[in-house]
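*Asks:* Quick one, structure for this:
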Amino acid sequence: MTAKLIFWVIAIYAVVGTALAFSARKGMGGGVEEYFLASRSFGPLVAIGTYTATIYGAFMTIGLPALVYRSGVGAEGLEILYLAGLLLVVYFGPRFWLAGKKYGYITPYEMFADRFNSKWVAVVMGIGAIIFLVPYCASQVMGIGYTLQGLTNGVVPFIVGVTIAIVLSVLWAVIAGLRSVAWTDTLMATIMLIGVSAVTIYVVNVHLGGFGSLFHALETNYPQHLTVPGPDGYFSLGNFLGITVGWFLFSMSYPHITQRLFVSDSIKTLRSMIRGFMCFGLFYTFICITWGLCARVLMPGLENPDLATPMLLGNFVPPVLSVIVMVGIVAAVISTVDSVFLSLSSLLSEDVCKNASPEMSENKRLKIGKYFLLIQAVIVWIFSVQQFDMVAILQLVSSAFMTVMVPTIVGCFFWKKSTAAGSLSSVIGGGALALYLTLANVNPLGLGTGVWALVVASVIYVVVSLATQPPTEKAEEFLGYLDDALAEKNCI
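*Replies:* Alright, predicted model coming up:
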């Protein structure tokens, strides 16, 4: 695949995406609710598209096949448990939507602050998420850099791929806020699905003689890749639990994902969004797992498993299909990064600035949020092109840090005795433990950081809440409204 072809295809993709973003701007209103949540107006198609594309980034097309290549089908367990975590969204999603609609919340942390009657809950959680999700974005755009570099044998430098991803992410977020992000997300989800499906069908049938031949080759030559804990023991019980705790809770703990629970135009649309994502996710997981297994059979000697996808596309797939998948990978990353950028801007605007300076006007907060999009882009670009080792460490900590938010989420909706002190101490204490365990590379009892961070955060949350005074009046009003509204909407 030539660099010229890649540049032309990406240029066409950028033009189409930008045109779509400007189309989304027509009829756009003003204010933070419009910019960050599109006035909670999305129907089923756009809701499914933006939710899907926001969640599925570089890991699915690059990281997951690499993990399968190295450690076997235990990786499928991670993704199945993630999809099982959608049961939490089925239960919590209507509560997020109803509370957001009733009280006008822009961010989940704003909701927690109101429920616990403390602005510091929003400030601390907002700042923490901003700090730890920037490395998460860097790891995403680095995936594009490596992919384009690998597909062109270095003709397209790593830095060019990173820059393209960041520029498009910021551009599409700036043009029309969530409306442009969501419309381009829907386009990207479509490209992802078409590309990965075509490549899988081609590789399995043309190069391996069908699925039967693929699994026969695996059983004969790589039987450990079809079992757990896998050839390298990576999926031992302790390690598996450590990874899957955060994975299972992912859809409930990351702000750019929980914000998507605010944007549907109705509970019915929210349900359609969850069902649509579940169907997409099951199929997409099967495809990406298959990629890793195909790469193991066709290219058994890779020293760097992260090259499994680029090498598979470059050596075993016709250029036209490779280009489609390449655009799909770029699209997957951009759809995640621009969503995170927009979400973090809303956290700064509504959780930090609004509480630090209550007299600040809505327009000024919105301007700050837009400027912060550019600041994030510069920081992520620096992290990415320097390829800091700290990025990987901070990404691990970010997963654990998001996990320690879960006790607050549960308490917000189900425990009247929950307090701001319990929430703050659990987030700070659990986050500090996660940072220590990651930096010290310690796994007590063989269990991963995410497990310990969640357990400790939960204990702290309960103990401190019981020892402090809850906001009883607000709890009664908030939970009473939800009980009545859930019954009216026939939600569990």
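
*Asks:* Every contact and neighbour count from this point should use C-alpha atoms.
*Replies:* OK.

*Asks:* in the chain, which ranges drop under the pLDDT threshold?
*Replies:* Using pLDDT under 70 as the threshold, the predicted model of the chain has low-confidence ranges 1-2, 387-397.

*Asks:* which one is the most centrally placed residue in it nearest to, not counting chain neighbours?
*Replies:* Within the chain, the residue whose C-alpha comes closest to the C-alpha centroid is residue 55; the distance, by C-alpha atoms, centre = their mean, is 4.0 Å. Counting by C-alpha to C-alpha, 6 or more residues apart in numbering, residue 55 lies nearest to residue 336, which is 6.4 Å off, once chain neighbours are set aside.

*Asks:* Pull the number of nearby residues for the nearest residue to residue 105 once chain neighbours are set aside.
*Replies:* Setting aside the residues directly before and after it, residue 105 is nearest to residue 111 in space (C-alpha to C-alpha, 6+ apart), at 5.9 Å. Each residue near residue 111 was counted by other C-alpha atoms under 10 Å, and the total is 22.

*Asks:* For the helix or strand harbouring residue 111, list the C-alpha coordinates in PDB.
*Replies:* In this structure, residue 111 is located in helix 108-116 according to DSSP states H and E. Written as PDB, here are the backbone C-alpha positions of helix 108-116 (Å, rounded to 0.1, in the frame of the first residue of the first chain):
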ATOM      1  CA  PRO A 108     -22.200  12.800  36.000                       C
ATOM      2  CA  TYR A 109     -20.000  14.500  38.600                       C
ATOM      3  CA  GLU A 110     -22.400  17.500  38.600                       C
ATOM      4  CA  MET A 111     -25.100  15.000  39.500                       C
ATOM      5  CA  PHE A 112     -23.100  13.500  42.300                       C
ATOM      6  CA  ALA A 113     -22.300  17.000  43.700                       C
ATOM      7  CA  ASP A 114     -26.000  17.900  43.700                       C
ATOM      8  CA  ARG A 115     -27.100  14.600  45.200                       C
ATOM      9  CA  PHE A 116     -24.500  14.900  48.100                       C
END
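
*Asks:* so after that helix, what's the next helix or strand?
*Replies:* Helices and strands here follow DSSP H and E; after helix 108-116, the next one along the chain is helix 119-151.

*Asks:* Please state the offset of the next helix or strand after that next one from the chain centre?
*Replies:* Per DSSP H and E, the first helix or strand lying C-terminal to helix 119-151 is helix 158-176. Counting by C-alpha atoms, centre = their mean, to the nearest Å, helix 158-176 is centred 17 Å from the centre of its parent chain.

*Asks:* tilt between helix 158-176 and helix 119-151?
*Replies:* Helix 158-176 runs at 130 degrees relative to helix 119-151, counting by axes from the mean of the first three to the mean of the last three C-alpha atoms, to 10 degrees.

*Asks:* quick one: buried residues of helix 158-176?
*Replies:* By neighbour count with 16 or more other C-alpha atoms under 10 Å, helix 158-176 contains the buried residues 158-159, 161-176.

*Asks:* Contacts only, for the residue nearest to residue 105.
*Replies:* Residue 111 makes contact with 99, 100, 105, according to C-alpha atoms under 8 Å, 6 or more residues apart in numbering.

*Asks:* and those as TSV, adding neighbour count, secondary structure and distance to residue 195?
*Replies:* Rendered in TSV, the data for the contacts of residue 111 read as follows (neighbours: other C-alpha atoms under 10 Å; DSSP: H, G, I helix; E, B strand; the rest coil; distance: C-alpha to C-alpha, whole Å):
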residue	neighbour count	secondary structure	distance to residue 195
99	20	helix	38
100	21	helix	36
105	21	coil	37
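
*Asks:* ok, so what distance separates residue 431 from residue 125?
*Replies:* When distances are taken as C-alpha to C-alpha, to the nearest Å, residue 431 and residue 125 turn out to be 11 Å apart.
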